[in-house]
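Student: give me a 3D structure for the following:
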Amino acid sequence: MSSSAMTPERFWKAKPRRALEWRELAGGQCVLLRPKIGRGLVGRWLASRLVGPHYRIRLDEIGAFVWKSCDDKTPLLVTADKMRTRFGSDIKPAERRLAQFIRKMLRSKIIELDEADDAIQP
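Tutor: The predicted model follows:
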């Protein structure tokens, strides 16, 4: 199904999965490791010769919370509910903020969805 044809119902049932390596820091924050050169054989070989083969993307507390829920098991609707429970009024409106963040991560190829290619409409 094309990403533009995804219905809101299918979006909220989608279960995102992480597409990058990552590390958890003290305090629960996360650092994503995006390869500087690419994921192919040549890219990995070249990257192994660099001092820092990855760009480091630091996520704040909310971003780390969403990232950890991108486990290929948790539907986005469940993540939104958990965000409201964890962050309360600091996250309102949870669905809109989550949808924007998910769209941004999909466009950047940081996560993947079985239901979508890149951009999605909640």
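
Student: okay, CA-based contacts and neighbour counts for the rest of this
Tutor: Will do.

Student: so how far is stretch 62-81 off the chain centroid?
Tutor: Distance, stretch centre to chain centre, for stretch 62-81: 8 Å (CA atoms, centre = their mean, to the nearest Å).

Student: how about that stretch: buried residues?
Tutor: 63-70, 74-77, 79-80 (16 or more other CA atoms under 10 Å).

Student: same check, this time on stretch 96-113
Tutor: Buried residues in stretch 96-113 (16+ other CA under 10 Å): 98, 99, 102, 103, 104, 105, 106, 110, 111, 112, 113.

Student: those in strands, which ones?
Tutor: Under the assignment DSSP state E, the buried residues of stretch 96-113 contribute 111, 112 to strands.

Student: name the nearest of the buried residues of stretch 96-113 relative to residue 13.
Tutor: Of all those, residue 113 has the smallest distance to residue 13: 10.5 Å, by CA to CA.

Student: so the closest one touches residue 15, yeah?
Tutor: Yes: with contact defined as CA atoms under 8 Å, residue 113 counts as touching residue 15 (6.4 Å).

Student: alpha carbons of the longest helix along the chain, as CSV, please.
Tutor: Secondary structure of the chain per DSSP state H: the longest helix is helix 94-107. Provided in CSV are the C-alpha atoms of helix 94-107 (Å, rounded to 0.1, in the frame of the first residue of the first chain):
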residue,chain,number,x,y,z
ALA,A,94,0.2,13.2,22.4
GLU,A,95,-1.1,11.9,19.1
ARG,A,96,-0.2,14.9,17.1
ARG,A,97,3.3,15.1,18.6
LEU,A,98,3.9,11.4,18.1
ALA,A,99,2.7,11.5,14.5
GLN,A,100,5.0,14.4,13.7
PHE,A,101,8.0,12.7,15.2
ILE,A,102,7.2,9.3,13.5
ARG,A,103,6.9,11.1,10.1
LYS,A,104,10.2,12.8,10.7
MET,A,105,12.0,9.6,11.6
LEU,A,106,10.5,7.7,8.6
ARG,A,107,11.6,10.4,6.2
